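> Got a predicted model here, sequence first, then my questions.
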Amino acid sequence: MDPHLLRTYVTVARLASFSAAARELGYTQSAVSQHIAALEQDLGAPLLMRRPVAPTAAGARLLEHAQPLLLRLDAARADVARLAAAPAHGLTLAVAPTALGPRTLAALPAAGVTLRVTARDEVPAAVATGTADIGLTDGLAAPSDPLRLPDVAPLTTHGIGEEPVCVLLPDAHPLAGRTGLDLGDLADARWIDAADTALPLSQLRAANGGHGFRAALRYEGTDVSVLTALAAAGHGLALLPRSATAGVPGTVAVPVTRPRVVHRTELVYAGSPDGAAADFVDLLVPDASRS
């Protein structure tokens, strides 16, 4: 299967338009049509309905395979390029919104840093494809347990910190006076679905046997201050690391006492970092093996 044809197909399916895909890819519309026809001939199945442009059942199944395949190809290209490249003088970090703590901030070089805040599930892909030298991601875990990260490429991970998690409540909320909360008791509460900023509701459901934690509002962004303002205004609860809840006006942060879970931060990199990236890793994980 030709990856160029596959990339064209994914673009057409995403944009639902041959002409829009041609503009994005820099091809003629005729060339895009030829790519799709060649891929359909190779696989022996129609992949797209033309009016409107939408995947067939076979095309939808191909899309499930296509993104991981293309990501792996991009990761392989980046890995080879990384070995051949001269040592980098700067440092590009892909960081989940709540993954930067005092320790990681102190380890940043004094100059030459590019900080790219992104959705936590996109951090491993950014490192794998070479758009970031180092990743910092986070999530909900049992104490000392590693995070379950997307399998996008061979990556090295190190846990660099754990802290308590808190439910962020408006200060007038009936539970604001509690000293601790059982997440199971909040399964039917109003929650803010902010998977890229707060700890995801899917993880809360998993910790509660797959039940509850329905969203009252969905926030599609990575700005923690927007999320905390929504919680303060009473639009729903949010689960955050304790450090992200300090000093938020109009709110109270109550620690989660059951189940026993923590906010875990992990360092992610590919290959053997050098230059500023190696120095950053050494500061956070002095005994890291980067062979």
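Now that the structure is in, tell me what you want to look at. Numbers count the residues shown, from 1 in each chain.
> what's next to stretch 204-221, contact-wise?
Stretch 204-221 is contacted by residues 140, 183-184, 186-188, 190-194, 196-197, 201, 226-227, 230, 235-236, 239, 259, 261 when judged by C-beta atoms under 8 Å, 6 or more residues apart in numbering. Just so you know, the C-beta spots here come from the backbone N, C-alpha and C atoms, and that holds for glycine as well.
> Looking at it now, give me its mean pLDDT.
Stretch 204-221 shows a mean pLDDT of 88 in the predicted model.
> now swap in stretch 136-155 and tell me
Here the average pLDDT along stretch 136-155 is 89.
> Tell me the buried residues in it?
Across stretch 136-155, burial judged by 16 or more other C-beta atoms under 10 Å covers 136-141, 147, 149-150, 152-153, 155.
> That one spans what distance, first to last residue?
With C-alpha to C-alpha, to the nearest Å as the measure, stretch 136-155 spans 13 Å from end to end.
> mind listing which of the contacts of stretch 204-221 are in helices?
In helices, judged by DSSP state H, the following of these are found: 201, 226-227, 230.
> Now those in JSON lines, please, with extra columns for distance to Leu43 and pLDDT.
Shown next, in JSON lines, are those (distance: C-beta to C-beta, whole Å; pLDDT from 0 to 100):
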{"residue": "Leu201", "distance to Leu43": "37", "pLDDT": "91"}
{"residue": "Val226", "distance to Leu43": "44", "pLDDT": "96"}
{"residue": "Leu227", "distance to Leu43": "43", "pLDDT": "96"}
{"residue": "Leu230", "distance to Leu43": "45", "pLDDT": "96"}
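> Now the buried members of those.
Neighbour-count burial (16+ other C-beta under 10 Å) applied to the ones in helices among the contacts of stretch 204-221 gives 201, 227, 230.
> hang on, the earlier thing: list just the nearest of the buried residues of stretch 136-155 to Val285.
Leu136 (12.0 Å; C-beta to C-beta).
> distance of the spatially closest residue to the closest one that is not a sequence neighbour from Thr197?
Take Leu136 and drop its neighbours on the chain: the residue closest to it by C-beta to C-beta, 6 or more residues apart in numbering is Ala99, 4.1 Å away. Counting by C-beta to C-beta, to the nearest Å, the gap from Ala99 to Thr197 is 11 Å.
> Give me the three-state assignment for the residue nearest to Leu136.
coil (DSSP: H, G, I helix; E, B strand; the rest coil).
> close enough to count as contact, it and Gly139?
No - using C-beta atoms under 8 Å, Ala99 and Gly139 do not qualify as a contacting pair, with a distance of 9.2 Å.
> Overlap in contacts, those two.
Contact criterion C-beta under 8 Å, 6+ apart; residues shared by Ala99 and Gly139: Arg120.
> Now the residue most central in space within the chain: closest residue in space, sequence neighbours ignored.
Most central in the chain under C-alpha atoms, centre = their mean is Asp121, positioned 1.9 Å from the mean C-alpha point. Nearest residue to Asp121, sequence neighbours excluded (C-beta to C-beta, 6+ apart): Pro150, at 6.0 Å.
> Apart from its neighbours in sequence, what residue is nearest Ala76?
Closest to Ala76 by C-beta to C-beta, 6+ apart is Ala153, at 7.7 Å.
> That neighbour belongs to a helix?
No - counting by three-state DSSP, Ala153 is not part of a helix but coil.
> these two touch, right, it and Pro68?
No - assessed by C-beta under 8 Å, Ala153 is found out of contact with Pro68, at 10.1 Å.
> Any stretches of the stretch 51-200 of the chain with poor pLDDT?
79, 81-89 (pLDDT under 70).
> Strands of that one, residue ranges please.
Along the stretch 51-200 of the chain, counting by DSSP state E, counting those that start in this stretch, strands occupy 53-55, 91-95, 113-117, 134-141, 156-163, 165-170, 181-182, 191-193.
> any chance of the ones you listed in a markdown table, with distance to Ala277 too?
Output for these, formatted as a markdown table (distance: least, C-beta to C-beta, whole Å):
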| stretch | distance to Ala277 |
| --- | --- |
| strand 53-55 | 39 |
| strand 91-95 | 6 |
| strand 113-117 | 11 |
| strand 134-141 | 5 |
| strand 156-163 | 12 |
| strand 165-170 | 29 |
| strand 181-182 | 39 |
| strand 191-193 | 34 |
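> Nice, that's everything, thank you.
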